[in-house]
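J.: This is the structure alone, sequence omitted:
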């Protein structure tokens, strides 16, 4: 059994002032908010209480989660329920595509739970969802935040074949803490997944959360590992503990340290680095559609 760090009860974990979030405002946000309410649409932006929802919706970006809301894995940082997922909804690609069209999404981010219970890892629904969105909203660009498919690369290839504009797979934490934070995942398998995405000639993206107890040396090592396998876009944000049953926040990383990591990443050669306390995987996603050279 993996032992998680224990934070003494008398040690305060009050969030620092720099994690305060502004209320969503703006004409574009209000427009999308109205469509979501009117048509009872579902986005992970809302269900995940993303701190950047107002900013992203204002920029025409929204994130949808497919393949249900029960995951076959039990990562210590994640609030998604673990268990036996329901049967695949074969009409989900059409429903998601309809939501994207109704919301007039300019840049759509798709993510999913891990479906290790399925022979194809959910890759068929992934591919069909991308194709359905393109049929309904041909001007909408797509980013896919994907699982590692347990290293069954034919399933990854099925998704890569429909060529979304950006393919993302989050390594989440540093090598030293992977077994503690991502219990069923493997650090090197994630690197292999990202290398295959990059080798396919697609914009490749990954993300790291900080605050699990990693050192600066750990973080820089992981950044270098990601760059070495061809990652173009890197996001770095603060881990926030969903419940007391999840991995504790060991450290509140300062905005100055996040800025330092951004500078280090750009010097390494990443094309984009989004680094800050409130940064999440899809933060400023619409800005990552650079031309592949």
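T.: Yes, it's here. Predicted, not measured: the structure shown is a model, and the values here were computed from it.
J.: C-terminal to the longest strand seen in the chain, what's the next element?
T.: Longest strand in the chain, counting residues (DSSP state E): strand 203-210. Using DSSP states H and E, the helix or strand that follows strand 203-210 in sequence is helix 216-228.
J.: tilt between that following helix and strand 203-210?
T.: Relative orientation of helix 216-228 versus strand 203-210 (axes from the mean of the first three to the mean of the last three C-alpha atoms, to 10 degrees): 170 degrees.
J.: Can you list the buried residues in stretch 124-139?
T.: Neighbour-count burial for stretch 124-139, with 16 or more other C-beta atoms under 10 Å as criterion, is recorded at 124, 125, 126, 127, 128, 129, 130, 132, 133, 134, 136, 137. Quick note: C-beta positions are derived from backbone N, CA and C, even for glycine.
J.: if I've got this straight, the second one is in a strand?
T.: To tie it back to what came earlier, the one meant is residue 125. No: applying DSSP: H, G, I helix; E, B strand; the rest coil, one finds residue 125 to be helix, outside a strand.
J.: what helix or strand is residue 257 on?
T.: helix 255-268.
J.: Show me what that helix is packed up against.
T.: For helix 255-268, the packing partners by 3 or more C-beta pairs under 8 Å, 6 or more residues apart in numbering; DSSP states H and E come out as helix 216-228, strand 233-238, strand 272-275.
J.: Check these for me and report the most buried one.
T.: Highest mean neighbour count of the helices and strands packed on helix 255-268: strand 233-238, a mean of 24 (counted as mean count of other C-beta atoms under 10 Å).
J.: Contacts for that strand next, please.
T.: 19, 166, 168, 203-211, 219, 223, 226, 252-253, 258, 261-262, 265, 270-281, 283, 288 (C-beta atoms under 8 Å, 6 or more residues apart in numbering).
J.: Quick one: buried ones out of these?
T.: With neighbours counted using 16+ other C-beta under 10 Å, those contain these buried positions: 166, 168, 203-211, 219, 223, 226, 252-253, 258, 261-262, 265, 270-281, 283, 288.
J.: a markdown table for the helices and strands packed on helix 255-268, including mean pLDDT?
T.: Formatted as a markdown table, the helices and strands packed on helix 255-268 follow (pLDDT from 0 to 100):
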| stretch | mean pLDDT |
| --- | --- |
| helix 216-228 | 98 |
| strand 233-238 | 96 |
| strand 272-275 | 95 |
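J.: can I get those in a markdown table with distance to residue 106?
T.: Putting these into a markdown table (distance: least, C-beta to C-beta, whole Å) gives the following:
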| stretch | distance to residue 106 |
| --- | --- |
| helix 216-228 | 27 |
| strand 233-238 | 18 |
| strand 272-275 | 18 |
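J.: Among the ones you listed, which comes closest to residue 15?
T.: Distance to residue 15, taken as C-beta to C-beta, is lowest for strand 233-238 among these, at 9.2 Å.
J.: Quick one: distance of the closest one to the chain centre.
T.: Remark: strand 233-238 is offset 10 Å from the chain centroid, using C-alpha atoms, centre = their mean, to the nearest Å.
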